[in-house]
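In: I would like the atomic coordinates for the input below:
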Amino acid sequence: MAMKALAIQLQCELVREIPGRMRLTVAHMRRDRAMANFVQKHLQEHLSCDTIRADAATGRVLICYEPRLANYAGFINEVRARVDEAVVAYIQHRRKERHLPYEGETQTLHQSELLQSAASKSKEEKLLPFKAILGDDKEHGLTSEEVKQRLAIHGLNVLPKQHKPTVWRVLWMQISDWMSLTLVGVAVVSLLTGRAFDALTITAVLAVNSVVGILQERRVSQEVEALKSMTSYAATVIRDGIAQVVPASEVVIGDLVLLEAGDRVPADGVILQAVGLEVDESLLTGESQPTPKIEQGAVELDLLAQNSLFDATYAVFMGTGVTRGKGKMLVTATGAATQMGKLAASLSTVEVQQTVLQERIHSFGRMLVAGILATVAAVIVVGLWRGLPLTHLLLTAMALAASAIPEGLPLLITIGLTAGVRRVGKTSLVIRKLSSLETLGRVTVICSDKTGTLTKNEMTVRQLWTSCGRYRVSGDGYDPRGEISFLGADPGVSDHGVVQTLARLGGLCNDAELCYRGKPLTSYSGMSVETTDATQFSVRGDPTDGALLVMALKAGCDLSEITQAQRMHEWVFTPEQKRMSVVYAKEGQFEFIAKGAVEEILVRSSALLTEAGVKPLTLALRTKIIDEMSTFAAQAMRVMAVAYRPLATAEQELLSQVDQEGSVRERLERDLIFVGLVGMVDPLRAHVEESIQLCREANIRVLMITGDHPVTAAAVAREIGLVAGEEEPLVLTGAEVENMSIQQLAHEVEKVSIFARMSPQHKLAIVDALKLRKQVVAMTGDGVNDAPAVRRADVGIAMGRRSTEVTREASVMTVADENFSTIVSGVKEGRDVLGNILRALGYLLSGNLGEVLYAAFAVFLGMPLPFVPVQILLINLLTDAAPTIGLVTRPPHTPAASRQALTQQRDFLDKQYVRQIFTHAVAIGFSTLGVFALGLKISGRLAIAQTMAMVTLSLAELLHIESWHHDEEPAPLPVPSDRVLRVTFYGSLLMIAGSLYLAPLQHIFQTTALPIFYLTISVAGAFGAYAVQTAFRTRGYGRVGRRAKALTASAGIVA
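Out: Now for the predicted structure:
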């Protein structure tokens, strides 16, 4: 058996340093108390320092030392060496005691052990041994025949599609609620009792509702066929020894894929070769910074252990993007077997809950059915007690049930939501599910990402610092038009040469490309300012490099000189070293340039560039630089330092030894000339502050969830107005969330609005905690790991183009422009739609309940049947369908946004809303009953009394259409002001007149022509009901309206 070899990449990062005090992050020490104790003891034995403390909770080591050291650089190197020594000693100690590999190490295994390990895993977790994956040739890739065989075995490199419900399933979902099923029962009974016309009418209403629902659900949920979009790009693979471009969907296990900046990784795999390779894995991990990738190097590929495949340093994953460098990968998993595929499959386990409106409708339907059955039973019992025939009573009961059930309610809600979706569709909010718009209107908490939603996701240099002072940089995004101006009092120098040097060095120590309309620019000076579209500038590569390159152009540097400069060597930026270094040659002279974290550059610098020349970098100047860095960081800026030095002839010869001697970089990176600091930000999106203020005034909380440092998150929160400027904001970190129970987190989310260092898993916990507090939650997301939280939220929102297809599949809506203000506009539209539905529903229920009260009390009081069934159908036709559709689709009345929020938050259980419905119903029902009784007494003819009652009932319902649109406020006039509703109003009046005086209609609806006297009584009865309604509204508006106006005056908002 082959010997097992230890091959671990140690990580010791200097994360913070001030004179006399430093903190270092030690790889794999977090949450390993034994390792922390071991490292601390080892360092205390070998270092002479005031304090040495290793913390397992943070994975960091604190070292306090004498600040006035003669050889500071040597001390830093000794500390790092001792930490590495301690980690190696701990690993060896653990292996000796437990005979187990440490989680941070990579072992080499004999081929038989690898096969045995793979065989012990489940089918989905198996990874083919590398020899089986690659075949015998590691350089020329697969043959065409091998590709065909593997495609036949594993299929295309696409995610499995979600199974869509069949038409019959969607149809059943449309009619399976209590109300629809009750209407089906009424239609069946009507048919059995000979009322075929009634049965046909009810069936037609149900059919129209189902068809509209099916078509709308199918249209707006033409979802996003997850991987069609994702795999529509191409990949460069090596097959038959030749590099060739193939569709990403045709990539197979074992393919050798060439990667370079700008490419999207087509599948999961392991890195075989890497030159400065960095990958943006934010869609998977939520981390905003690109992840450096390194090749396996000394480890034999065919002996590589399986557990190293998913080491973030060596592995790349489907859907991530290459931001820098070049590399070659071996594909180890495709399609559903990738990490993205597994996350997509896990979405099916997340329960999808009903919306509030669906729950209320379902509950209301059951209560309505119970009330109808009780009323019908009472009518039958009273009728039998009075000696009426059973058949006659059954027909009366069925007509009563038909009039009581708002058969158009499901259709009404569908039409209202469809109208809202159509209005929203004119903006950048794409609604995939009708009911989600209503839920959006009920949202009480919006959980928003910072990057790309509240901000533009475009790094922009805002300030510079040199020995002369601070400078302001104007302009936004990657548009190179802008200027650099001194910030504060004029330093009194005639030439700002240091700033020019800082900009030039930042542009040279750079791997980004500036693009216009997607094409890289090699020069900029020839572009016309008038004809240049600022929105068409973009960056290919790292966003930070892009910001530095744009800054160089704003300073007047020549882009062609930067792109054509002769680069002799490059040391890429890594999280361990936190700096990038390059060597350029010009006219026989070599220049070494470094940029990176301030502490890394400062410790390697011995001089400072000034307008007067180079001067020694004293302790006072070092302290000044640290203070300036802290000032930048407090303003939510990312800070980088830039330094350089010319290389002597002897040093130039060292470049030929770079590949043989690893210490060359350290020998060159000394005695640097410190040039300055660069502070860059991700600019806020337009109107974010106004939108957050609107949310606050509408009683909607906004939570900012970010992976940034807590200090940066707090600074951004102040800038967008999430917290008051003088207020010290509460910030909850991901580490704190992990140590909380769901009950504790539910308590904290009521107080905290800023969440920093959050992972996608933390997002899911926050959603659960908010829902435990009975909040209606909207959650934004873009990465694959965001999908479970997006799915769990009441309203899941995918953020435009940067969101993965898996996240879009989990969401119910997509914000195409990725703008927070668009979400707020969607909330307002959702509230408008909900308000329209409630108004239309109130109108519908008050009219139908009035009909029930009229008919039931007529029977209870011993009167003849007050109508024939076909007259009820005529009343419903005239007063239900057209007016409610007009109410539910009409743009809302808008006295003020605060008043709008007050009225639109009501639902079926709101006391004021129920009282309003009941008062209207009583006014309509008893005024109609009075007219019916008076008509019987005066005329002595049942037909005249029934016709008079029909006129009063219809007109009374039509007269209060406009009042429902004005909520509690009395309507100025009973005639609708909206053109569509006005046409409906007059059209219904004409239909009533036709049913009275046209013989064919008289025959169909069993009415009789009314003399002017009887007609006047009927109209007076209807206006009497309207007077009662108006009196109630005037009284209610006096209370509710004053409250709304007070809120409006204090808030100062209009809708």
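In: alpha carbons only for contacts and neighbour counts from here, please
Out: OK.
In: can you tell me the centre-most residue of this structure?
Out: Closest to where the C-alpha atoms of the chain average out (Cα atoms, centre = their mean) is Thr780, at 1.7 Å.
In: now that one, nearest residue through space, not along the chain?
Out: Once flanking residues are discounted, Thr780 sits nearest to Ile797: 4.7 Å by Cα to Cα, 6 or more residues apart in numbering.
In: before we move on, what about Glu738?
Out: Once chain neighbours are set aside, the closest to Glu738 by Cα to Cα, 6+ apart is His762, at 7.6 Å.
In: am I right that Arg665 sits in a helix?
Out: Yes - following the definition DSSP: H, G, I helix; E, B strand; the rest coil, Arg665 is counted among the residues of a helix.
In: need the helix or strand of the chain with the lowest average pLDDT.
Out: Across the helices and strands of the chain, mean pLDDT, DSSP states H and E gives its lowest value to helix 111-119, namely a mean of 36.
In: burial count for Pro1000?
Out: As a burial measure, the neighbour count of Pro1000 was computed by other Cα atoms under 10 Å and equals 12.
In: that one sits in which helix or strand?
Out: Pro1000 belongs to helix 999-1005 when elements are defined using DSSP states H and E.
In: list the buried residues for the host helix or strand of Ala993?
Out: Here Ala993 sits within helix 979-997, counting by DSSP H and E. Residues of helix 979-997 classed as buried under the neighbour-count rule (16 or more other Cα atoms under 10 Å) are 981-982, 984-985, 988-989, 992, 995-996.
In: just the CA coordinates of it, formatted as CSV?
Out: Provided in CSV are the C-alpha atoms of helix 979-997 (Å, rounded to 0.1, in the frame of the first residue of the first chain):
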residue,chain,number,x,y,z
ARG,A,979,-66.5,56.3,-17.1
VAL,A,980,-66.8,52.5,-17.2
LEU,A,981,-68.9,52.4,-14.0
ARG,A,982,-71.0,55.3,-15.3
VAL,A,983,-71.7,53.3,-18.5
THR,A,984,-72.6,50.3,-16.3
PHE,A,985,-74.9,52.4,-14.1
TYR,A,986,-76.9,53.8,-17.0
GLY,A,987,-76.9,50.6,-18.9
SER,A,988,-78.4,48.8,-15.9
LEU,A,989,-81.1,51.4,-15.5
LEU,A,990,-82.0,50.9,-19.2
MET,A,991,-82.2,47.2,-18.7
ILE,A,992,-84.5,47.6,-15.7
ALA,A,993,-86.7,49.9,-17.8
GLY,A,994,-86.7,47.4,-20.6
SER,A,995,-87.7,44.5,-18.3
LEU,A,996,-90.7,46.7,-17.1
TYR,A,997,-92.0,48.0,-20.4
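In: so what touches that helix?
Out: 878-879, 882-883, 886-887, 947, 951, 955, 958, 975-976, 1001-1002, 1005, 1007-1010 (Cα atoms under 8 Å, 6 or more residues apart in numbering).
In: between the buried residues of helix 979-997, which is closest to Met340?
Out: When those are compared for distance to Met340, the smallest value, 51.4 Å, is given by Leu981; criterion: Cα to Cα.
In: ok, the closest one to Gln40 distance?
Out: Shown here: Leu981 relative to Gln40, a distance of 80 Å by Cα to Cα, to the nearest Å.
In: still on that earlier bit, pretty sure the residue nearest to the centre of the chain sits in a helix.
Out: No - the assignment for Thr780 (three-state DSSP) gives strand, which keeps it out of a helix.
In: other SSEs contacting the helix or strand Ser363 falls within?
Out: When secondary structure is defined using DSSP H and E, the element that contains Ser363 is helix 356-385. For helix 356-385, the elements it packs on are helix 178-192, helix 390-404, helix 434-441, helix 820-860, judged by 3 or more Cα pairs under 8 Å, 6 or more residues apart in numbering; DSSP states H and E.
In: next, the angle helix 356-385 makes with the last one.
Out: Read it as helix 820-860. Relative orientation of helix 820-860 with respect to helix 356-385: 0 degrees, computed using axes from the mean of the first three to the mean of the last three Cα atoms, to 10 degrees.
In: what's the offset of helix 820-860 from the middle of its chain?
Out: 31 Å (Cα atoms, centre = their mean, to the nearest Å).
In: cool, and the shortest one?
Out: If you compare the mean C-alpha spot of helix 434-441 with that of the full chain, they lie 15 Å apart, counting by Cα atoms, centre = their mean.
In: got the CA positions of that helix in PDB?
Out: Listed in PDB are the C-alpha atoms of helix 434-441, where the atom choice follows Å, rounded to 0.1, in the frame of the first residue of the first chain:
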ATOM      1  CA  LEU A 434     -51.500  35.800  -9.400                       C
ATOM      2  CA  SER A 435     -52.200  35.400  -5.700                       C
ATOM      3  CA  SER A 436     -48.700  36.600  -4.800                       C
ATOM      4  CA  LEU A 437     -49.600  40.200  -5.700                       C
ATOM      5  CA  GLU A 438     -52.300  40.200  -3.000                       C
ATOM      6  CA  THR A 439     -49.700  38.800  -0.500                       C
ATOM      7  CA  LEU A 440     -47.300  41.500  -1.500                       C
ATOM      8  CA  GLY A 441     -49.900  44.100  -0.600                       C
END
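In: could you point out which element follows it?
Out: Moving toward the C-terminus from helix 434-441, the first helix or strand encountered (DSSP H and E) is strand 445-449.
In: so can I have TSV of the buried residues of helix 979-997 showing distance to Thr814 and pLDDT?
Out: Converted to TSV, the buried residues of helix 979-997 look like this (distance: Cα to Cα, whole Å; pLDDT from 0 to 100):
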residue	distance to Thr814	pLDDT
Leu981	33	81
Arg982	36	84
Thr984	36	83
Phe985	39	86
Ser988	41	86
Leu989	44	90
Ile992	47	89
Ser995	50	88
Leu996	53	90
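In: ok, the residues you listed vs Glu666, which is closest?
Out: Nearest to Glu666 among the buried residues of helix 979-997: Leu981, at 80.7 Å, using Cα to Cα.
In: hmm, back to that, verify the contact between the residue nearest to Glu738 and Ala735 for me.
Out: No - using Cα atoms under 8 Å, His762 is not in contact with Ala735; the gap is 9.3 Å.
In: okay, these two: which has more neighbours?
Out: For His762 versus Ala735, the count of surrounding residues by other Cα under 10 Å is larger for His762: 20 against 15.
In: so the residue nearest to Thr780: helix, strand or coil?
Out: Going by three-state DSSP, the state assigned to Ile797 is strand.
In: again with Thr323
Out: strand.
In: rewinding a little: can you get me a residue count around the residue nearest to Thr780?
Out: Residues contacting Ile797 under the criterion other Cα under 10 Å number 31.
In: leaving aside the residues adjacent along the chain, what's closest to Phe1032?
Out: For Phe1032, the closest residue by Cα to Cα, 6+ apart turns out to be Thr919, at 7.7 Å.
In: and that neighbour, that's in a strand?
Out: No - with three-state DSSP as the criterion, Thr919 is assigned helix and is not in a strand.
In: so it sits right up against Ala1027, yeah?
Out: No - using Cα under 8 Å, Thr919 makes no contact with Ala1027, being 11.7 Å away.
In: higher neighbour count, the two?
Out: Thr919 (18 against 14).
In: tell me the contacts of Asp449?
Out: When the contact criterion is Cα under 8 Å, 6+ apart, the partners of Asp449 are 704-706, 780-781.
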